[in-house]
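Colleague: Sequence and computational prediction follow.
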Amino acid sequence: MDQYLSMEEVMSQIQNLKEQGHPLNKKKVKQTKPQLLQSALYYFPSWDHALKNSLNIKE
């Protein structure tokens, strides 16, 4: 992978995957969208943090 997606692109792609009903677990995303996962981990400390921030999930 040569370049990371922007933080906005990461968040938008996560939102789109959820809206389309795709699974959001880390293993499945790694298989289907490796650039999304790597970019998310560049901006967020974990995949769970990326999901929570992208989907506005409160703890």
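Modeller: The structure has been received and is ready for your questions.
Colleague: Show me the contact partners of stretch 45-52.
Modeller: 10-11, 14, 24, 26, 29, 37, 40-41, 43-44, 57, 59 (Cβ atoms under 8 Å, 6 or more residues apart in numbering). C-beta coordinates here come from the backbone N, C-alpha and C atoms, glycine included.
Colleague: Same list (these) but as a markdown table, adding secondary structure.
Modeller: Shown next, in a markdown table, are the contacts of stretch 45-52 (DSSP: H, G, I helix; E, B strand; the rest coil):
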| residue | secondary structure |
| --- | --- |
| Val10 | helix |
| Met11 | helix |
| Ile14 | helix |
| Leu24 | coil |
| Lys26 | helix |
| Val29 | helix |
| Leu37 | helix |
| Ala40 | helix |
| Leu41 | helix |
| Tyr43 | helix |
| Phe44 | coil |
| Ile57 | coil |
| Glu59 | coil |
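Colleague: between those residues, which has the most around it?
Modeller: In terms of neighbours by other Cβ atoms under 10 Å, those top out with Ala40 at 26 neighbours.
Colleague: Which residue comes closest to it once chain neighbours are left out?
Modeller: Leaving aside its sequence neighbours, Ala40 sits nearest to Ala50 (Cβ to Cβ, 6 or more residues apart in numbering; 3.8 Å).
Colleague: burial of the one you found, as a residue count?
Modeller: That count, for Ala50 with other Cβ under 10 Å as the rule, works out to 25.
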